[in-house]
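**Q** coordinates for the following, if possible.
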Amino acid sequence: MIEITTSENKKVYFASDQHLGAPTPEKSFPREKKFVAWLNEVKKDAEAIFLLGDLFDFWFEYETVVPKGFVRVLGKLAEIRDSGIPIYFFVGNHDLWMKDYFQKELNIPVYHSPQKFLINNKIFFIGHGDGLGPEDKGYKRMKKVFTFPLFKWMFKWLHPDLGVKLGQYMSVKNKMISGEEDAKFLGEENEWLVQYCKRKLESEHYDYFVFGHRHLPLEIKLQKNSTYINLGDWINYYTFGAFDTTSFKLTEFN
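**A** Below is the predicted model:
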């Protein structure tokens, strides 16, 4: 378990679901600029930054090729990381085909499953959130196909011009992949991630569960000292999380 202790007047920041590139690079460009502006703002007092997946609406790493574009956000992440601020990246369901590009080029670790962190003596369980909890069976079946080694091996033999265009088309059109069809509060008893967190608490205590994927900013008290946070997205809400020495706050970036 990685431990993070914030210095005086420092914060740990969280953001998720930027979906850069969707629905087109041209329409996505203002959102990319806004996200870069947010990175510029938070780097002033960031102890660490967590990006919880779906930064890109589609991402596939060939052996020598990555998708074109996103120069501003990649450059800003490199700048922040080079300044000494740790950045932690969790793959989402749109960028689950990440391999080692972020690690090698940006020195940013990439996680493919939720992880525990100890931040200012508070236990965090952090991840993107896709495929967790009961139900969501259609997506779970689809994820098994997408992550099956033979499928990934076959896909990489498509020419990048064809493979990336196909992946982008599927990401925009398939709402089950994007999770956007569920972007309404379903009630605590029907929120799959809430049910997942409650089950986790039966065996171990966590102060905060922090996820993305739902495209809906949520803060739900699970127990007296345990809270579920969903970070929302950068399509409709432009929300992010900030944790200082004692408390977590969801905020809209204007």
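**Q** surely residue 48 and residue 87 touch.
**A** Yes. Distance between residue 48 and residue 87: 7.3 Å, which falls inside the contact criterion (CB atoms under 8 Å). Where C-beta positions appear, they are placed from N, C-alpha and C, glycine not excepted.
**Q** quick one: contacts for residue 168?
**A** 21, 22, 57, 58 (CB atoms under 8 Å, 6 or more residues apart in numbering).
**Q** who's in contact with residue 210?
**A** Going by CB under 8 Å, 6+ apart, the list of residues near residue 210 reads 14, 50, 52, 124, 125, 126, 229, 231, 241, 248.
**Q** nope, residue 42 is what I meant
**A** For residue 42, the contact set (CB under 8 Å, 6+ apart) comprises 11, 13, 49, 240, 242.
**Q** quick one: secondary structure of residue 80?
**A** Three-state call for residue 80 (DSSP: H, G, I helix; E, B strand; the rest coil): helix.
**Q** what's the local residue count around it?
**A** Burial measure for residue 80: 20 neighbouring residues, criterion other CB atoms under 10 Å.
**Q** measure it to residue 13 for me?
**A** Counting by CB to CB, to the nearest Å, the separation of residue 80 from residue 13 is 11 Å.
**Q** which neighbours do the two have in common?
**A** Joint contacts of residue 80 and residue 13 (CB under 8 Å, 6+ apart) are 46, 49.
**Q** need the overlap of contacts for residue 48 and residue 87.
**A** Applying CB under 8 Å, 6+ apart, one finds that no residue jointly contacts residue 48 and residue 87.
**Q** make a markdown table from the contacts of residue 210 and add pLDDT to it.
**A** A markdown table is the format used below for the contacts of residue 210 (pLDDT from 0 to 100):
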| residue | pLDDT |
| --- | --- |
| 14 | 98 |
| 50 | 98 |
| 52 | 98 |
| 124 | 98 |
| 125 | 98 |
| 126 | 98 |
| 229 | 98 |
| 231 | 98 |
| 241 | 98 |
| 248 | 96 |
